[in-house]
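>>> please find the sequence and the predicted model below.
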Amino acid sequence: MMDIRPIKTEQDYDAALSRIEELWGAAKDTPEGDELDLLVTLVESYEMKHPCL
């Protein structure tokens, strides 16, 4: 079950990366695939705002 929230801290960021690793390879148009897409988008946004990571 998805519990997607904005990434606001480095701890949130690390948790999102861990979850992305778990979901990597999930089939498109499945709940897991949708969660993966959302997390990748959030991580990319966080990385753009915090380029020193």
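Nice, thanks for sending it over.
>>> pretty sure L17 sits against V43.
Yes. If you go by Cβ atoms under 8 Å, L17 and V43 touch, sitting 6.6 Å apart. The way it works is simple: take the backbone N, C-alpha and C, and place the C-beta from them, glycine included.
>>> more neighbours: which of these two?
V43 (18 against 13; other Cβ atoms under 10 Å).
>>> need the contact list for the more buried one.
I7, Y13, A16, L17, I20 (Cβ atoms under 8 Å, 6 or more residues apart in numbering).
>>> check which helix or strand covers the last one.
Looking back up the chat, that one is I20. helix 10-23 (DSSP states H and E).
>>> okay, which residue is most central for the chain?
The centre of the chain sits closest to L39, judged by Cα atoms, centre = their mean, with a distance of 2.3 Å.
>>> if we can go back for a sec, redo the contacts of V43 as TSV? Include distance to M48 and pLDDT.
Converted to TSV, the contacts of V43 look like this (distance: Cβ to Cβ, whole Å; pLDDT from 0 to 100):
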residue	distance to M48	pLDDT
I7	11	96
Y13	12	96
A16	14	96
L17	15	97
I20	16	97
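>>> select from these the one having the most neighbours.
I7 (21 neighbours).
>>> show me where pLDDT drops low in this protein?
1-2, 53 (pLDDT under 70).
>>> buried residues in the helix ranked longest in it?
Using DSSP state H to define each element, the chain has its longest helix at helix 31-49. By neighbour count on 16 or more other Cβ atoms under 10 Å, the buried set for helix 31-49 is E35, L36, L39, L42, V43, Y46.
>>> I'd like those residues as TSV, with distance to D29 appended.
Shown next, in TSV, are these (distance: Cβ to Cβ, whole Å):
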residue	distance to D29
E35	12
L36	11
L39	16
L42	19
V43	21
Y46	25
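>>> which of the residues you listed sits closest to C52?
C52 has its nearest neighbour among the buried residues of helix 31-49 in Y46, at 11.8 Å by Cβ to Cβ.
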